[in-house]
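Enquirer: attaching a predicted model along with its sequence, questions to come.
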Amino acid sequence: MNKKVELLAPAGDMEKLKTALHFGADAVYFAGKNYGLRAFSSNFESFAIKDAVDYVHKFGKKAYVTINVYARDNDFDGLEAYVKELVDAKVDAVLVSDMGIFSFIHKKFPNLCIHISTQANTTNKYAVQAYKNMGASRVVLARELSLEEIKKIHEFCPDMELEAFVHGALCISYSGRCLLSNYLAGRDSNHGECVQACRWKYFVTEENRPDQPLEIQEDERGTYIFNSKDLRLIEHIDQIIDAGVASLKIEGRMKSPYYVATVVNSYRRAIDYYYDCKQNKQQYKVPAELLEELNKASHRAYTKGFMFNDGEVKQNYNTTHQEQDSKFMAVVLEAQDDRILVEQRNRFAAGETLEILSPNLPVNSKLKIAKITDQKGKELDDAKLVQQKLYIYGNVQGIKEGDILRK
């Protein structure tokens, strides 16, 4: 593959979009208020999509918009007008799952690039070739595929761009096509309203004793039989790139800006390191500090998913809750020679040492806070008001707007 692999990041809102670009994403994907599969993400109003795309293009990056619901007939009401807005906004591509939506958009807007969403469950080379023949420019492969299967698809369809998920939450259903949420909560997962019913704790009842539910147990802690671990493939991006994948995708449009920053920063550094290794004819081995970085973002226990079919346990039997090894303390709004203006997110105090999350500084760089003042210059012992804007003094050289402080 001649051109560098794309790092594709989630952008649930404008703050996350800016964060993803600041920390090194080559492209972002997001949705409008309709037709996307993350109905509970903030998403973008139609009038805001053009501003978002313009911002992305200002940095020479790409913006993809999801239209990946499985449509009913009434979903086509207003679809043409909506896609026209996306075309006018100059989005780089749309992601679709439904063949009716694909056909509709391709016929009405033949020059608009269409990517086939992972929700379409594309698991074989003939399906990929069929999508290419129909006019698609990229296929987001099903997460159930192994590395060897991806290689064979690329060899069979070398001119089709392939995209694969490398990090984030996994769905227990086939590429996310699930009815459990509909059945238990009345929320249609295939219209973006999934309540993640697979993460709930379950009991069984015996026919003659309906008032005595029995917990489904794996061990003394119980079990979450549908609850998948989170995907992490940063150790294997060399193999994935070499297999022919053109875009490495991070899941998480409903995650926090801090999650986006941490994960994108880690994969950006890993990808760049891979190309350095390749140029210097060295073997790629992900730096341990980047694995540690990914533990600092919210996550469940990690898995390699189906990439290697090595018998690894993919269910998270311990808990449905996520954990992280650090706390988001502040985001940098402005950087000067002797101080930085930040927006507080969690409480910190003068004299403390915080870590700096930055694309421009070494991993785990530190800042010892010499002094804190409010914007009027009043000195403070600590920062305890949520989202208060404050000046921090100390060794702030190299810190840039958009960087993050954590503890």
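Expert: Looks like it came in fine. Residues are numbered from 1 along each chain as shown.

Enquirer: name the single longest helix found in this protein.
Expert: Longest helix of the chain, by residue count under DSSP state H: helix 257-279.

Enquirer: what's the next secondary structure element after that helix?
Expert: Proceeding N to C from helix 257-279, the next assigned helix or strand is helix 288-295, under DSSP states H and E.

Enquirer: what mean pLDDT does the helix or strand just after that next one get?
Expert: On the C-terminal side of helix 288-295, the closest following helix or strand by DSSP H and E is strand 302-303. The pLDDT scores in strand 302-303 average 88.

Enquirer: list the helices and strands strand 302-303 packs on?
Expert: Using 3 or more Cβ pairs under 8 Å, 6 or more residues apart in numbering; DSSP states H and E, the elements in contact with strand 302-303 are strand 230-232. Just so you know, the C-beta spots here come from the backbone N, C-alpha and C atoms, and that holds for glycine as well.

Enquirer: may I see the buried residues of stretch 122-132?
Expert: Buried residues in stretch 122-132, counted by 16 or more other Cβ atoms under 10 Å: 122-123, 125, 127-129, 131-132.

Enquirer: quick check: the farthest pair among the residues you listed?
Expert: Spatially, the most separated pair among those is T123 and K132, at 15.6 Å (Cβ to Cβ).

Enquirer: on that earlier part again, quick one: the buried residues of stretch 122-132 as TSV, columns for pLDDT and distance to A71 too.
Expert: Putting the buried residues of stretch 122-132 into TSV (pLDDT from 0 to 100; distance: Cβ to Cβ, whole Å) gives the following:
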residue	pLDDT	distance to A71
T122	94	18
T123	92	22
K125	98	26
A127	97	19
V128	98	22
Q129	98	24
Y131	97	17
K132	98	22
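
Enquirer: distance to E80 and secondary structure for these - can I get that in TSV?
Expert: Shown next, in TSV, are these (distance: Cβ to Cβ, whole Å; DSSP: H, G, I helix; E, B strand; the rest coil):
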residue	distance to E80	secondary structure
T122	26	coil
T123	31	coil
K125	33	helix
A127	27	helix
V128	27	helix
Q129	28	helix
Y131	22	helix
K132	25	helix
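
Enquirer: what sits against the residue minimising distance to the centre of the chain?
Expert: When Cα atoms, centre = their mean is applied to the chain, the residue found nearest the centroid is E251 (2.7 Å). Neighbouring residues of E251 by Cβ atoms under 8 Å, 6 or more residues apart in numbering: 10, 165, 167-169, 231.

Enquirer: tell me which of the residues you listed fall in strands.
Expert: Among the contacts of E251, the ones falling in strands (DSSP state E) are 10, 165, 167-168, 231.

Enquirer: what residue spans form the domains of the protein?
Expert: 6-173+227-303, 328-406 (automatic domain parsing).

Enquirer: out of these, which is the most enclosed?
Expert: Looking across the domains of the chain with neighbours counted as mean count of other Cβ atoms under 10 Å, the highest average goes to domain 6-173+227-303: a mean of 19.

Enquirer: measure that one end to end?
Expert: Chord length of domain 6-173+227-303, first to last residue, is 22 Å (Cα to Cα, to the nearest Å).

Enquirer: what is the least confident helix or strand in this protein?
Expert: In the chain, the helix or strand scored least confidently by mean pLDDT, DSSP states H and E is helix 180-185, which has a mean of 63.

Enquirer: gap between the longest helix of the chain and the chain center?
Expert: With Cα atoms, centre = their mean, to the nearest Å as the basis, helix 257-279 stands 13 Å off its chain's centre.

Enquirer: which one in the protein is furthest away from the centre?
Expert: N208 (46.3 Å).
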